[in-house]
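Colleague: Turn this into a model:
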Amino acid sequence: MMTINEASKLAGVSIRTLQYYDSIGLLKPAKYTESGYRLYDDAAMERLQQILLFRELEFPLKEIREIITRPDFDKKKALEQQIELLTMKKEHLETLIDFARGIQNGGNNIMDFTAFDTSKLEEYTRKAKEQWGDSKAFAEYEQKSASRSTDDEEKLWSNFMKLFEKCGKLKDSDPKSAEAQAMVKDIQNYITQNFYECTNEILAGLGKMYAAEGEFKANIDKAGGNDTAEFVSRAIAEYAK
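Modeller: Modelled structure (predicted):
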């Protein structure tokens, strides 16, 4: 655990920024001390890295929150696309630097504006956003979340985590058991009611993500105890067959 001051220094962002991210539900600390001070764990810092990468790509905070809080957010795929976008941005900046040097040396064609063309970068960004969110499920999620306040969102996610807390009590049982399968059904229904229609196909994808190392697994295991995420993943795999 690290304090907000330590997290601020490590990440190179202001304390006020971290406080604001907390207030809008973008980055919640792992816990608060009895005195109300924020404490950040590895999962929170990993999430901050994701946020800062999106900020480098000039994504609005509202879009970032909607993307990374989706139950089916694929962190690995998002990182691959972020690397591709940052690489394209780097190439564009290098082209602009060469163009500026050409002007400095008096050798540029005054009618040449190709260095300012960002169409390829914009097209890739558009396609990436389609995979991150511009889908039927994401449109439904946006519609349902539009009228919710930050407090509403926090309560929603808190109740979602309570489902995994219940799953933790079953983690030593057979994932095929009636109780385990009923819990999976509850998870699927909760997602459908509050986020978007969670088909068996989407649910199967979520199950794989829940067991993968990262924020999802950390949060689920935090709610239900160690190995809860792996148990839920196996139960979902049985359910979605």
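
Colleague: now the strands for the protein?
Modeller: When assigned using DSSP state E, the strands of the chain occupy the ranges 2-3, 31-32, 38-40.

Colleague: For the residue sitting furthest away from the middle of the chain, give me its contacts.
Modeller: For the chain, the C-alpha farthest from the mean C-alpha position belongs to residue 106; by C-alpha atoms, centre = their mean, that distance is 46.7 Å. Under the criterion of C-beta atoms under 8 Å, 6 or more residues apart in numbering, the contact list for residue 106 is empty. Where you see a C-beta, it was placed from the backbone N, CA and C, and this is true even at glycine.

Colleague: quick one: low-confidence ranges for the protein?
Modeller: Residues of the chain meeting the criterion pLDDT under 70: 71-72, 107-113, 115-116, 120-121, 123-139, 141-142, 213-214.

Colleague: Per the annotation, how does it divide into domains?
Modeller: Here the chain is described, according to the TED database, as comprising the domains 2-69, 75-132, 136-240.

Colleague: Is it correct that residue 221 is in contact with residue 229?
Modeller: Yes - the criterion here is C-beta atoms under 8 Å, and residue 221 meets it with residue 229 at 5.3 Å.

Colleague: ok, and the closest non-adjacent residue to the residue nearest the centre of the chain?
Modeller: Computing the C-alpha centroid of the chain and ranking residues by C-alpha atoms, centre = their mean puts residue 68 first, at 2.0 Å. In space, not counting the residues next to it along the chain, residue 68 is nearest to residue 50; the distance is 5.7 Å by C-beta to C-beta, 6 or more residues apart in numbering.

Colleague: swap in residue 8?
Modeller: Ranked by C-beta to C-beta, 6+ apart and with sequence neighbours excluded, the top spatial neighbour of residue 8 is residue 15, at 4.7 Å.

Colleague: Could you tell me how far that neighbour is located from residue 43?
Modeller: Residue 15 is 20 Å from residue 43, where distance means C-beta to C-beta, to the nearest Å.
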